[in-house]
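[1] Quick one: sequence and predicted model below, then my questions.
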Amino acid sequence: MRNGSLRRVLAAFFLFNAQEYAVWIAVIVYAFERGGATTAGAVLVAQLIPAAVVAPFTSVAGDRLPRDTALGLGYVVQMCACGLLALALWKAPPIAVYAAAVLASCSITFTRPVHYAILPELAETPQELTAANAATRPSVCTASSRSPLAIIGMPSATTNGAR
């Protein structure tokens with residue numbers, strides 16, 4: 001793909017997907033270590049329900065703002081929320097970790113709709129748009145398979161010496 005803007009957006013989307021899956025895995029492992037499968041399941045539901053409620057409102061950001069601004073804003077919001085989650089995983093009590101996890105899952109809802117909306121603006125030809133759309137799906141699949149490798153040490157890092 002020769003279009004530099006599309007390459008950058010696709011690279012950012014790949015990293016977004018890897019980070020999204022890494023956060024899910026880190027939170028699941030943390031919750032499981034604290035309370036087993038029941039706690040892990042409850043935390044996942046607690047993340048999904050607010051994200052589902054917030055998603056329709058955040059998805060219109062790409063329509064209200066210039067799409068490049070909306071995409072950048074989405075990544076900044078996500079970075080801040082996930083940074084807060086990382087700090088919580090490191091030093092905070094479990095309830096703060098779970099609250100930060102909910103915030104992180106809600107922040108992720110900004111990015112995906114704007115990514116797909118910006119592709120037609122960046123593509124200069126129908127072939128580029130087709131290639132960008134085709135490249136987006138494999139990046140999701142590849143990111144999901146690579147994320148566990150990125151956090152292989154997470155179980156020992158989240159225990160804080162407590163069981």
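    Received it, and whenever you're ready, just let me know what you need. Numbers count the residues shown, from 1 in each chain.
[2] hey, let's count contacts and neighbours off CA atoms from now on
    Will do.
[3] residue ranges of the helices in the protein, please?
    Using DSSP state H, the helices of the chain run over 4-58, 61-64, 67-91, 94-107, 111-122, 126-150, 154-158.
[4] So which residues make contact with the fifth one?
    So that's helix 111-122. Under the contact criterion C-alpha atoms under 8 Å, 6 or more residues apart in numbering, helix 111-122 has outside partners 5-6, 9, 13, 59, 61-62, 67-68, 70-71, 74-75, 129, 132-133.
[5] gap between it and the chain center?
    Taking C-alpha atoms, centre = their mean, to the nearest Å, one finds the center of helix 111-122 at 16 Å from the center of the full chain.
[6] buried stuff in it?
    Neighbour-count burial for helix 111-122, counted by 16 or more other C-alpha atoms under 10 Å, picks out 111, 113, 114, 115, 118, 119, 120, 122.
[7] Redo the helices of the chain as a markdown table? Include mean pLDDT.
    As requested, the helices of the chain are exported to a markdown table (pLDDT from 0 to 100):
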| stretch | mean pLDDT |
| --- | --- |
| helix 4-58 | 92 |
| helix 61-64 | 82 |
| helix 67-91 | 94 |
| helix 94-107 | 95 |
| helix 111-122 | 91 |
| helix 126-150 | 68 |
| helix 154-158 | 45 |
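[8] most distant residue from the middle of the protein?
    Ranked by distance from the centre of the chain (C-alpha atoms, centre = their mean), the top residue is residue 125, with 29.0 Å.
[9] ok so, going back, looking at the helices of the chain, which one is packed in the most?
    Neighbour counts averaged per stretch over these are highest for helix 94-107, at a mean of 21; criterion: mean count of other C-alpha atoms under 10 Å.
[10] Could you tell me the angle between that one and helix 67-91?
    Between helix 94-107 and helix 67-91, the angle comes out at 170 degrees (axes from the mean of the first three to the mean of the last three C-alpha atoms, to 10 degrees).
[11] For helix 94-107, output the C-alpha coordinates as CSV.
    Output of helix 94-107 as CSV, limited to C-alpha atoms (Å, rounded to 0.1, in the frame of the first residue of the first chain):
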residue,chain,number,x,y,z
PRO,A,94,-9.3,-4.5,43.5
ILE,A,95,-12.4,-2.3,43.4
ALA,A,96,-10.3,0.6,41.9
VAL,A,97,-8.9,-1.9,39.4
TYR,A,98,-12.3,-3.0,38.4
ALA,A,99,-13.6,0.6,38.1
ALA,A,100,-10.5,1.5,35.9
ALA,A,101,-11.2,-1.6,33.8
VAL,A,102,-14.8,-0.4,33.2
LEU,A,103,-13.5,3.1,32.2
ALA,A,104,-10.9,1.5,29.9
SER,A,105,-13.5,-0.7,28.2
CYS,A,106,-15.7,2.4,27.7
SER,A,107,-12.8,4.3,26.2
